[in-house]
Structures are given as structure tokens and as C-alpha cells.
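1. A predicted structure for the sequence below; I have some questions about it.
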Amino acid sequence: MTITPFWKTIIDKYESDHHLSMTERAVEIVAELMALSARTAPKGRGQDSIETVILSGGRLGCRSWLGR
């Protein structure tokens, strides 16, 4: 797929305004939807004991959120 100069300008403007590439933002949206899916999935006895965490960017190497 060839990106025309018009669309390249729009993509560059979006990325400069949001400090994320469109691909990175798309991956974050998918992660958010997956976390939502995990929370709304049926669980035994109807108890909500699932905790979801989405790590991205500089937080990928950080394990302090695990409490370990």
C-alpha cells in the first residue's frame, strides 16, 4: 500500500500531536479491549476476582506493580 503525501501529512500531524504512532495507539486500543473482555467473561460463582494491567512503553520492564 502506498501512502500518498496527503495522508502522510495527516498521519505525521496526528503522531506529532499525540506523541504516539498510530500503530502504537492501535495496539493500546486492542489491549484495552482484551482487558475489558477478560473482565466481562463468565467466571465461576459470579465472583469478580480478575485484575488486569496494561503495560506499555517504559513500563514494560517495571515489575513493581506486581507487588513482588
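-> Structure received. Residues are numbered from 1 along each chain as shown.

2. quick check: A35 touching I50?
-> No: the pair A35 / I50 is not scored as a contact, 9.1 Å apart, by CB atoms under 8 Å. Placement of C-beta: from N, CA and C, glycine included.

3. between these two, who's got more neighbours?
-> Comparing A35 with I50 by other CB atoms under 10 Å, the one with more neighbours is A35, at 15 against 11.

4. give me the pLDDT for that one.
-> pLDDT recorded at A35 is 88.

5. which helices and strands does the strand or helix carrying it pack with?
-> Element membership for A35 (DSSP states H and E) is helix 22-40. For helix 22-40, the packing partners by 3 or more CB pairs under 8 Å, 6 or more residues apart in numbering; DSSP states H and E come out as helix 5-18.

6. quick one: buried residues of the helix it packs on?
-> Within helix 5-18, no residue is scored as buried using 16 or more other CB atoms under 10 Å.

7. start the count at 47, not 1, going forward
-> Sounds good: first residue 47 from here, last item helix 51-64.
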